[in-house]
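*Asks:* Just to be clear, the model below is a prediction. Sequence and coordinates:
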Amino acid sequence: MGETVLTDLFRSASISCMLSIRLKRVGRKNDPSFRIIVQDHRRSPKKTRGVSEFVGSYDARKGKPQIDAERVKYWMSQGAQPSDTVHNLLVDAKIVTGKKVNAMNKKTKPVKEVPKEAPKPVVQAPTPASPEAPSETEASA
């Protein structure tokens with residue numbers, strides 16, 4: 001009788017799978033292009049099993065992603081978390097508001113952009129007025 005209580009507890013506690021929105025590489029060698037997919041975060045993006053939906057594509061050579069904004073917003077409302085790179089693409093496409101995140105390796109520190117300052121104009125200080133020496137015309141008179 002104690003076993004049925006345990007199984008009822010496990011059935012009532014629904015564990016939803018964590019979804020992630022990430023890139024799946026497709027295409028030829030030396031021609032990077034990606035699909036933006038929604039998938040269980042435990043699965044490899046190389047496998048098609050577990051892919052919930054394709055929500056866009058990204059050609060790295062052209063640099064312009066094609067994203068279905070409605071579907072991305074829907075999946076994010078369902079709890080899907082975008083990867084760092086996809087988050088940056090969504091910020092560029094103005095689908096998500098916020099700042100970009102560091103998508104590089106965690107060991108690599110992000111390079112902060114230093115604002116370039118305009119060179120300051122050199123202002124010469126006025127020279128102190130020195131007593132004028134008599135000119136040659138005044139000296140000869």
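*Replies:* That came through, no problem.

*Asks:* OK, contacts around Val101?
*Replies:* 84, 87-88 (CB atoms under 8 Å, 6 or more residues apart in numbering). C-beta: built from backbone N, CA, C; applies to glycine.

*Asks:* a markdown table please, covering those residues and showing pLDDT.
*Replies:* Converted to a markdown table, the contacts of Val101 look like this (pLDDT from 0 to 100):
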| residue | pLDDT |
| --- | --- |
| Asp84 | 90 |
| His87 | 92 |
| Asn88 | 91 |
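
*Asks:* Buried subset of those, written for PyMOL?
*Replies:* Only the buried members of those enter the following PyMOL selection, criterion being 16 or more other CB atoms under 10 Å:
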select buried, resi 87+88
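
*Asks:* His41: which of the contacts of Val101 is nearest?
*Replies:* Taking CB to CB as the measure, His41 sits nearest to Asp84 out of those, at 13.4 Å.

*Asks:* from what I can see that closest one touches Lys106, true?
*Replies:* No. Asp84 lies out of contact with Lys106 (CB atoms under 8 Å); the separation is 10.1 Å.

*Asks:* Contacts only, for Lys24.
*Replies:* By CB under 8 Å, 6+ apart, the residues touching Lys24 are 34-37, 45-46, 51.

*Asks:* Phi, psi for it please.
*Replies:* Dihedral angles of Lys24 (phi, psi; degrees, to the nearest 10) stand at phi -120, psi 120.

*Asks:* The one 10 residues further on now?
*Replies:* Phe34 adopts backbone torsions of phi -130, psi 150, taken as degrees, to the nearest 10.

*Asks:* Now the residue lying closest to it once chain neighbours are set aside: which helix or strand?
*Replies:* Nearest residue to Phe34, sequence neighbours excluded (CB to CB, 6 or more residues apart in numbering): Leu23, at 4.1 Å. Using DSSP states H and E, Leu23 sits in strand 19-26.

*Asks:* Which positions in that strand come out as buried?
*Replies:* If you call a residue buried by 16+ other CB under 10 Å, then strand 19-26 has these buried ones: 19-24.

*Asks:* Just among the contacts of Lys24, which is most surrounded?
*Replies:* Among the contacts of Lys24, the one with the most neighbours (other CB atoms under 10 Å) is Ile36, at 26 neighbours.
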